[in-house]
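S.K.: sharing a model prediction with you, sequence too.
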Amino acid sequence: MFRTALIIAAATISTGAIAQDAEVSVANGERISIIGGCHDCHSAGYSESNGKIDPATALKGNPVGYNGPWGTNYAVNLRLVVAKQSEDEWVQYLKTFQAGPPMPWFNLHAFHEAESRSLYQYIKSLGEPGDPAPERLPPGQTPKTPYLVFAPPMMPK
């Protein structure tokens with residue numbers, strides 16, 4: 001009987017969490033942007049401020065590159081991405097999106113529709129899109145911006 005109660009309690013917790021996440025709102029989008037790690041790379045200064053969101057720079061991309069065997073990638077300005085898309089287009093975009101390292105793009109494919117819509121509404125609420133982040137550089141080109149090196153001393157086979 002005790003084991004059955006635990007299973008029922010776990011099912012209730014999961015269902016409750018899904019129901020809460022199903023609310024489409026700017027506030028839920030902000031929460032998703034934080035727990036999803038969006039600001040970690042797409043908001044300049046976020047990590048250095050210990051997780052304080054600066055509305056002036058939030059999700060406007062980052063001039064710090066991520067350099068490795070693939071070249072140098074930059075976290076794009078998400079405000080510009082949503083400015084060019086409808087909410088429905090954004091939902092589809094997150095289901096099919098792919099990017100280079102270190103972006104964990106495959107995690108976005110796990111968002112359910114309400115999470116995608118909430119994230120879109122939050123990003124839209126931030127205001128003026130601003131300028132694009134620097135363009136990706138191919139391997140062998142040295143970035144003119146600050147960059148982090150993502151190159152293991154021994155590449156996996």
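M.R.: It's in. Residues are numbered from 1 along each chain as shown.

S.K.: C-alpha from now on. contacts and neighbour counts both.
M.R.: Will do.

S.K.: so who does the residue positioned nearest the centre of the chain touch?
M.R.: Closest residue to the average C-alpha location of the chain: Cys38 at 3.1 Å, with CA atoms, centre = their mean. By CA atoms under 8 Å, 6 or more residues apart in numbering, the contact set of Cys38 is Leu59.

S.K.: one more: the one 3 residues further on?
M.R.: For Cys41, the contact set (CA under 8 Å, 6+ apart) comprises Gly61, Asn62, Ala75.

S.K.: so which of those residues wins on neighbours?
M.R.: Within these, most neighbours by other CA atoms under 10 Å means Ala75, with 30 neighbours.

S.K.: surely Leu119 touches Glu30?
M.R.: Yes: using CA atoms under 8 Å, Leu119 is in contact with Glu30, at 6.7 Å.

S.K.: more crowded one of the two?
M.R.: Neighbour comparison, Leu119 and Glu30: the larger count goes to Leu119, with 29 against 21 (by other CA under 10 Å).

S.K.: how close does that one get to Ala151?
M.R.: Between Leu119 and Ala151 the computed distance is 31 Å (CA to CA, to the nearest Å).

S.K.: do the same with Gly45
M.R.: Distance from Gly45 to Ala151, by CA to CA: 23 Å.

S.K.: who has more neighbours, these two?
M.R.: Legend: neighbour count by other CA under 10 Å for Gly45 and Ala151, higher for Gly45 (18 against 12).
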